[in-house]
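Q: Predicted structure and sequence below. I'll ask about it afterward.
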Amino acid sequence: MAFKIKGWHVLVLILGFALLSGWITVPYWNPPTTTTPPGTQPPTGTITHPAAQIQLQVADFIQNTGVTTATTTVDFCQASGGIFDLLKQADTMTHATNPDTYNVFYPDGTELIIHADCSGNPTNGLAYYDGWFYVVLHEGNQVYRLTPSMLQVQGSSPSYTYKVSTAGAQASGSVVTWTSGTTNFWDLGKIYIMPRTTAAGLNLAITYGATTLSSVTDGSTWVTGSSTANATLAGNTEHLNFVVDFDSANLGWGWKLYGISTSGMFKEYTPIVAFSTNMTAIDTAQLNAESWNPINDNTLYAEKAFYKPLTAMYTTKGSICDPAAIQIPVYSAAAAAGKYIFKFWIIDFQLESSLAIGSSSTTIPTAYGMVTAFGPGAMVQARAYTTGSGLANNQAITCWATKS
């Protein structure tokens, strides 16, 4: 039986002979590998290292130096199936050296929320604000600062549960590394906490233009003003200024405190400044335009009150914080001529939802769940907003102003 050889048969035979003879070669091809971008959880099954302990440093944010006092603790909450229950899956370790290694072994890919606190005092300061962080233990991943916006509620019964999203999150500056040795460990670098001023080191003043109307230079001597006006407003569109100043370098004030409720809810406690005035005809639209919120307190009928959350006040190493001036617009076109009182409070660690209805606290929240303790043991400038006879009272500082 005869076979016919077609043209393409000939081409195949020639190519095959050329390859076997080494006349031509084909480059070796590596199949593409899957990589994990920094800061993301590795795909299921991507394990590059065996389980290891954690090593980290707790450091002063401003001076960038290790905090080695034995009053420092670090809490770890581990996700289960990508879900965090902050009342569960917690490990707590005392942090006595820098760096310190903790004798709990976590597998590659473990998701952790980390909380660090220190009640030891920085130089001239009073304790540290706590540090909160999130990380997936996988070599090369970022360590992120944890904020409420990263937490996505997954359920609320019988307790709150969360997933964490790193979209738009702030990196802490540390990256996960894995080190082998007698004991393998994940190194998370520096976990920062914030040095806090004392009450005596946080000075308050009320100014009008270049004139100081009233001031207080420590946290225990309060100025309530006099019965005579100490400012005469030049017109109907004026501003008072609430000024916050510091005594010592390398300290700050106003960092937010995060806590966990008995139901596992992640809660944010913020610093606020509040004021009340018996100028009930003050223009509230102008106050709202400058981010002052009304205090809706039905026991306050002879005055109006307002509050404003504050941003943290921090500095660079070796420096004292610049004074912060918070403006209070006094638009008084509808107010009658006369003498008016302005009362002020400044308090850290407040629930904004509570302050909005006239409820303030002078105590540190209770630690629950994964939080074993808070660094600050007491508030700075702890004067509660209270009312009596339709007036706000217990203020930290007061001034008077006359409208002509």
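A: That came through, no problem. Residues are numbered from 1 along each chain as shown.
Q: okay, residue 324: pLDDT?
A: On pLDDT, residue 324 comes in at 93.
Q: And the nearest residue to it once chain neighbours are set aside, how close does it get to residue 252?
A: Spatial nearest neighbour of residue 324, chain neighbours left out: residue 244 (4.6 Å); criterion: Cβ to Cβ, 6 or more residues apart in numbering. Every residue, glycine included, has its C-beta placed from N, CA and C. As judged by Cβ to Cβ, to the nearest Å, residue 244 and residue 252 stand 11 Å apart.
Q: and for those two, which residues touch both?
A: Common contacts of residue 244 and residue 252 (Cβ atoms under 8 Å, 6 or more residues apart in numbering): residue 313.
Q: More neighbours: those two, which one.
A: residue 244 (23 against 19; other Cβ atoms under 10 Å).
Q: List the contacts of that one.
A: Contacts for residue 244 were tallied using Cβ under 8 Å, 6+ apart; they are 202-204, 253, 313, 323-326, 346.
Q: same check, this time on residue 50
A: Neighbour list for residue 50: 107-108, 184 [criterion: Cβ under 8 Å, 6+ apart].
Q: Wait, a helix at it?
A: No - per DSSP: H, G, I helix; E, B strand; the rest coil, residue 50 lies outside any helix segment and is coil.
Q: quick one, phi/psi of it?
A: Backbone torsions for residue 50, taken as degrees, to the nearest 10, come to phi -70, psi 170.
Q: now residue 328
A: phi -120, psi 110.
Q: Show me what it is bridged to.
A: Beta bridges link residue 328 to residue 240 when assigned by DSSP bridges.
Q: so it touches residue 292, yeah?
A: Yes - using Cβ atoms under 8 Å, residue 328 makes contact with residue 292 at a distance of 7.3 Å.
Q: how close does residue 146 get to residue 134?
A: From residue 146 across to residue 134, the span is 5 Å (Cβ to Cβ).
Q: again but with residue 277, I slipped
A: Distance, residue 277 to residue 134, by Cβ to Cβ: 43 Å.
Q: circling back to that earlier point, what about the residue nearest to residue 324, distance to residue 273?
A: Distance from residue 244 to residue 273, by Cβ to Cβ: 8 Å.
Q: Residues that sit against both of those two, list them.
A: Common contact partners of residue 244 and residue 273 (Cβ under 8 Å, 6+ apart): 326, 346.
Q: Could you double-check that residue 200 sits in contact with residue 246?
A: No - with contact defined as Cβ under 8 Å, residue 200 and residue 246 do not form a contacting pair (10.8 Å).
Q: before we move on, back to that, isn't there a strand covering the residue nearest to residue 324?
A: Yes - assessed with three-state DSSP, residue 244 lies in a strand.
Q: Tell me what it is bridged to.
A: On the basis of DSSP bridges, residue 244 is bridged to residue 204, residue 324.
Q: Nearest residue to residue 314 in space, ignoring adjacent ones along the chain?
A: Nearest residue to residue 314, sequence neighbours excluded (Cβ to Cβ, 6+ apart): residue 252, at 3.8 Å.
Q: Against residue 299, how distant is that neighbour?
A: Distance from residue 252 to residue 299, by Cβ to Cβ: 34 Å.
Q: ok now do residue 218, which residues does it touch?
A: Counting by Cβ under 8 Å, 6+ apart, residue 218 has contacts 199-200, 203.
Q: My error: substitute residue 103 in the last question.
A: Residue 103 makes contact with residue 53, according to Cβ under 8 Å, 6+ apart.
Q: separation between it and residue 53?
A: Per Cβ to Cβ, residue 103 is found 6 Å from residue 53.
Q: How about residue 211?
A: Using Cβ to Cβ, residue 211 is found at 60 Å from residue 53.
Q: higher neighbour count, these two?
A: Between residue 211 and residue 53, residue 53 has the larger neighbour count (other Cβ under 10 Å), namely 15 against 9.
Q: mind checking which helix or strand that one is in?
A: strand 52-60 (DSSP states H and E).
Q: can you give me how far that strand is from the chain middle?
A: Distance of strand 52-60 from the chain centroid (Cα atoms, centre = their mean, to the nearest Å) equals 19 Å.
Q: name the helices or strands packed onto that strand?
A: Applying 3 or more Cβ pairs under 8 Å, 6 or more residues apart in numbering; DSSP states H and E, one finds that strand 52-60 makes contact with strand 72-78, strand 100-106, strand 185-197.
Q: So for that strand, what gets flagged as buried?
A: Buried residues in strand 52-60, defined by neighbour count with 16 or more other Cβ atoms under 10 Å: 52, 54-60.
Q: Kindly present these as CSV, with separate columns for pLDDT.
A: CSV is the format used below for the buried residues of strand 52-60 (pLDDT from 0 to 100):
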residue, pLDDT
52, 96
54, 96
55, 96
56, 96
57, 95
58, 96
59, 96
60, 95
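Q: related to what we said a few turns ago, least reliable of the helices and strands packed on strand 52-60 by average pLDDT, please.
A: strand 100-106 has the lowest average pLDDT among the helices and strands packed on strand 52-60, namely a mean of 92.
Q: Could you check how far that strand is from the centre of its chain?
A: With Cα atoms, centre = their mean, you get 25 Å for strand 100-106.
Q: Next: stretch 93-105.
A: The chain centroid and the centroid of stretch 93-105 are separated by 23 Å under Cα atoms, centre = their mean.
Q: residues contacting residue 164?
A: Residue 164 sits next to 79, 84, 111, 113, 134, 146, 150-152 when contact means Cβ under 8 Å, 6+ apart.
Q: what separates it from residue 73, distance-wise?
A: Look at residue 164 and residue 73: by Cβ to Cβ, they are 22 Å apart.
Q: In contact with residue 52, which residues?
A: Contacts of residue 52 by Cβ under 8 Å, 6+ apart are 105-106, 178, 183-186.
Q: is it in a bridge, and if so with what?
A: Residue 52 has the following beta-bridge partners by DSSP bridges: residue 106.
Q: first to last residue in stretch 136-147, what's the distance?
A: Terminal residues of stretch 136-147 lie 16 Å apart, using Cα to Cα, to the nearest Å.
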